[in-house]
Structures are given as structure tokens and as C-alpha cells.
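# Provided below for reference: sequence and predicted model.
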Amino acid sequence: MTRIIAGAAGGTRLEVPGQGTRPTSDRVRESLFGALTSMGAIEGARVLDLYAGSGALALEALSRGARGAVLVERGRPAASIVRRNIAAVRKALGGALDATVQEGSVRSFLDRATGPFDLVFTDPPYDLSDAEMTADLVTLAPLLSADAVVVVERAKRSTPPDLPAAGLALIREKVYGDTALWWAEPAQASAPASR
């Protein structure tokens, strides 16, 4: 079990899939969301959570004021858990929650999605190749709003994402134990200082 850290649904317990996913630790989520809050990237955002797992990242954003979220998860057992977690957060929020689960592959979702998305979390499985991750980011880029923030989570030992190939610019990167995070924005966006 994990929980929503802060916001209107703070303290709500979330189920975590037993296998095939690696939930972002509370410590990493707390630091990540502190940074996103200071950037003004959450309030009113339309969120996309790719490789959603338990859905904790998108649900944390919704608890903290995001407008809506789409959570993409290929694994049927994990997608069922995401739906139950959405129901738990919806209950904590008194019934108001714009969140949908898209069960299927990230690539098939991105190929038909319309956007725009303001905040994107992508936490691909460790066995996703660098080329596949870059292809995801290239397909994602046209779906982003002009001031979108994309957060890529990988193992520290992984190759950093090829952000320039996807038309994205690195804002910041941070390592927490074995977890590495990269924050990016559309390359044509203004400098981070103007946020």
C-alpha cells in the first residue's frame, strides 16, 4: 500500500500492483511534487500518466489541484487497481474527479490521443529499450501544451532519455537512490526562470 501525500485527498490509501510495476516511493513523490508545485505545474493541469502502475502520480496531481487526468496502463490487473484507486480518491474528494483509465499500450494510446496535456509522467518498465522510450517521447511531443512539463522516471543506471530527439528541453534532473528523474519542457518554451 501507498498513500496520497498531500492535497484534498491527502492520506488516502492506494493499492499497488503485486508484480510488473515499481511504484514511485513516497520520498521521491514528495520531492517531485514539491518541485512541480514550485514550478506552478500542477494547478489546473491536464495530466497524462503513461505506464501508470498504481496511478499514484496522476492521483497525487489530482489531489493537489490538477484539472483532470488520463492514466494509461497495459496490464489488466494493474489497470483494475488504477480504477479502484481512482474510486478511492474520488470518494475522498466527495465525488468530483475527472480521471479515466486507458487500458492498452502507451504507443497505441499516443497514436490516437488528442491532448493537449500540461503535465506528463512517464515511468516506463526497466525493460523498455531506449529507442522505444525515445519513440514514445517523439509521439508525445505534439500532444503537449506550450508550457507543459514532462517527467521521465527511470533507474539511475539507465541511459538518460534523448529529449532533444523528441523536441524537448531538459529543465532539471535529480537522482534519489536508484531512481533518476528528468524534467523537460517543449524545446520552444521559454526559459524555466520565466515560469
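It's in. Numbering: from 1, shown residues only.

# so where is the chain shaky, pLDDT-wise?
Along the chain, the parts satisfying pLDDT under 70 run over 19-23, 189-195.

# Kindly list the longest strand within it.
strand 144-155 (DSSP state E).

# got a list of contacts for it?
Contact with strand 144-155 is made by 24, 28, 32, 36, 39, 41, 46, 57, 115-124, 126, 133, 137, 140, 160-161, 168, 171, 178-186, 188-189, 195, as judged by C-beta atoms under 8 Å, 6 or more residues apart in numbering. Any C-beta I mention is one placed from the backbone N, CA and C, and that applies to glycine too.

# Tell me, how many residues neighbour Arg157?
Using other C-beta atoms under 10 Å, Arg157 is surrounded by 8 other residues.

# Likewise for Val72?
Neighbour number of Val72 under other C-beta under 10 Å is 25.

# how about it, what does it touch?
Going by C-beta under 8 Å, 6+ apart, the list of residues near Val72 reads 48-52, 101-102, 104, 106, 109.

# between those residues, which is closest to Ala69?
Ala69 lies nearest to Asp49 out of the contacts of Val72, by C-beta to C-beta, at 6.2 Å.

# Roughly how far does the residue nearest to the closest one when sequence neighbours are not counted sit from Leu170?
Once flanking residues are discounted, Asp49 sits nearest to Ala58: 3.7 Å by C-beta to C-beta, 6 or more residues apart in numbering. Using C-beta to C-beta, to the nearest Å, Ala58 is found at 22 Å from Leu170.

# Neighbour count: these two, which is higher?
Ala58 (29 against 16).
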